[in-house]
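Participant: Attaching a predicted model along with its sequence, questions to come.
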Amino acid sequence: MSSWEADADLLNSSGARHALILSRTHSALGQLAQGMARALAPRQIRISSAAPGRGRVDPLAQRVLAELSVGVADEPPRALDEVDTADVQAIVVLSEEDPTPPALRGVLKVHWPLPEPADGGGTGEEKLARYRAVRNELRRRLIRVFARELAAPAATGAATIAIGPASGGDLGAIQQLLAASLLPLRDVGGAHQRFLAASEGGRVIGCAGLQVAGQDGLVRSMAVHWTRRNAGLGSRLHERLLFEAVLAGVRTLYVVTSTAEDFFAGHGFRKVAPEAVPAALQASEEYTAFVPGGSTVMSRPVSPA
Ligand SMILES: CC(C)(COP(=O)(O)OP(=O)(O)OC[C@H]1O[C@@H](n2cnc3c(N)ncnc32)[C@H](O)[C@@H]1OP(=O)(O)O)[C@@H](O)C(=O)NCCC(=O)NCCS
């Protein structure tokens with residue numbers, strides 16, 4: 001286990017109800033982390049963010065958060081003396097220097113000094129790639145921080161879950177599932193896509209998409225509601241998606257992931273170079289949002305050789 005994973009597990013098990021993200025003044029990192037932490041955290045956990053001085057809204061941070069449907073308020077990032085820190089129970093420091101005030105010295109703290117994407121020049125695309133890379137790294141870490149404890153699956157649960165092609169009426173629920181996992185959702189339902197929905201008692205609890213380009217397909221938007229994970233539903237969605245791939249004439253499947261590498265490896269996917277993905281599939285939001293940020297690209301044949 002890497003040290004960030006151990007840190008994330010520590011935060012996860014701490015039971016902290018108020019977490020404070022600290023960064024340097026004018027930090028895009030602080031804004032990225034605050035936006036995603038608020039989107040992922042259960043309702044009872046409060047997330048604050050501050051820096052030694054008052055900052056300003058970073059439009060590129062807003063833009064790359066919007067790619068994952070995370071909205072951020074237009075108010076400038078706050079200075080430490082503007083934030084009520086009395087009940088802070090956990091601190092995440094994102095800057096090299098640690099601005100923790102003396103009053104909070106005894107509080108549980110992790111130090112994740114990540115590269116500040118606002119630093120340095122470059123073309124617009126180069127800057128965006130820097131923002132996406134650090135956003136994706138924070139996403140990976142924060143998903144682990146806010147992973148929730150699962151209830152044991154009900155013995156009869158699997159039998160009551162139906163998987164089938166998604167209908168237009170499922171779109172809103174699918175978008176909610178994707179937003180909760182910080183997966184892109186703006187191009188869901190576009191051309192050359194097949195979507196599956198898993199429903200239980202009329203409620204959509206899982207989804208998976210296939211983007212088709214000739215004999216190639218991109219597995220995308222695979223998500224299971226956190227209360228239903230680790231009980232085989234993702235595997236069932238994958239099996240059903242293979243069937244959709246056969247129907248669509250797809251021979252090779254690709255997937256882009258930074259949080260479910262083990263899951264896909266367990267289903268026959270192997271790492272490939274990002275350039276191996278055919279150009280038509282590289283236009284997908286899952287590819288444009290995650291691959292420049294260093295996510296893993298994997299591939300498998302639809303039928304075993
Ligand atoms: C990835 C994801 C879709 C998997 O869904 P899931 O329903 O938890 O998947 P499964 O239950 O089939 O498999 C998950 C694990 O549970 C285990 N498992 C499966 N059935 C089980 C059962 N009956 N009892 C206990 N464990 C079981 C599997 O071995 C698997 O382990 P692994 O990850 O080490 O391979 C889900 O974790 C998710 O929504 N993640 C967030 C979104 C995301 O990252 N999507 C991928 C990018 S497109």
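Facilitator: Good, I have the coordinates.
Participant: contacts and neighbour counts: CA atoms only from here.
Facilitator: Fine.
Participant: What ranges does this protein have for its helices?
Facilitator: For the chain, the helices defined by DSSP state H occupy 3-14, 28-40, 59-66, 124-145, 171-180, 233-247, 261-265, 279-282, 285-290.
Participant: Just say which of those is most tucked in.
Facilitator: With neighbours defined by mean count of other CA atoms under 10 Å, none of the helices of the chain is more surrounded on average than helix 28-40, at a mean of 24.
Participant: Quick one: mean pLDDT for it?
Facilitator: Taken as a whole, helix 28-40 has a mean pLDDT of 94.
Participant: what residues does the protein put near the ligand?
Facilitator: Selection of the chain residues close to the ligand by CA under 6 Å from any ligand atom yields 181, 220-224, 229-235, 257, 259-260, 262-263, 266.
Participant: Can you list which of these are found in strands?
Facilitator: When DSSP state E defines the strands, the subset of the residues of the chain next to the ligand inside them is Arg220, Ser221, Met222, Ala223, Val224, Thr257.
Participant: Give me the nearest residue to the first one, chain neighbours excluded.
Facilitator: Which is Arg220. Gly209 (5.0 Å; CA to CA, 6 or more residues apart in numbering).
Participant: again with Ile163
Facilitator: Once flanking residues are discounted, Ile163 sits nearest to Ala198: 4.3 Å by CA to CA, 6+ apart.
Participant: Against which helices or strands is the longest strand belonging to the chain packed?
Facilitator: Counting by DSSP E, the longest strand found in the chain is strand 203-213. Judged by 3 or more CA pairs under 8 Å, 6 or more residues apart in numbering; DSSP states H and E, strand 203-213 is in contact with helix 171-180, strand 193-200, strand 216-224, helix 233-247, helix 279-282.
Participant: can you rerun that using 10 Å?
Facilitator: Helices and strands touching strand 203-213, by 3 or more CA pairs under 10 Å, 6 or more residues apart in numbering; DSSP states H and E, are strand 161-165, helix 171-180, strand 193-200, strand 216-224, helix 233-247, strand 252-257, helix 279-282.
Participant: need the contact list for Lys109.
Facilitator: Going by CA atoms under 10 Å, 6 or more residues apart in numbering, Lys109 touches Asp7, Leu10, Leu11, Ala19, Leu20, Ile21, Gln89, Ala90, Ile91, Val92, Val93, Thr100.
Participant: Low-confidence ranges, this structure, go.
Facilitator: Applying pLDDT under 70 to the chain flags the ranges 150-159, 305.
Participant: what residue is smack in the middle of it?
Facilitator: Closest residue to the average C-alpha location of the chain: Leu182 at 3.8 Å, with CA atoms, centre = their mean.
Participant: wait, what's in contact with that one?
Facilitator: Per CA under 10 Å, 6+ apart, neighbours of Leu182: 36, 39-40, 65, 67-70, 136, 139-140, 143, 176.
Participant: Look up how far Asp81 lies from it.
Facilitator: Look at Leu182 and Asp81: by CA to CA, to the nearest Å, they are 31 Å apart.
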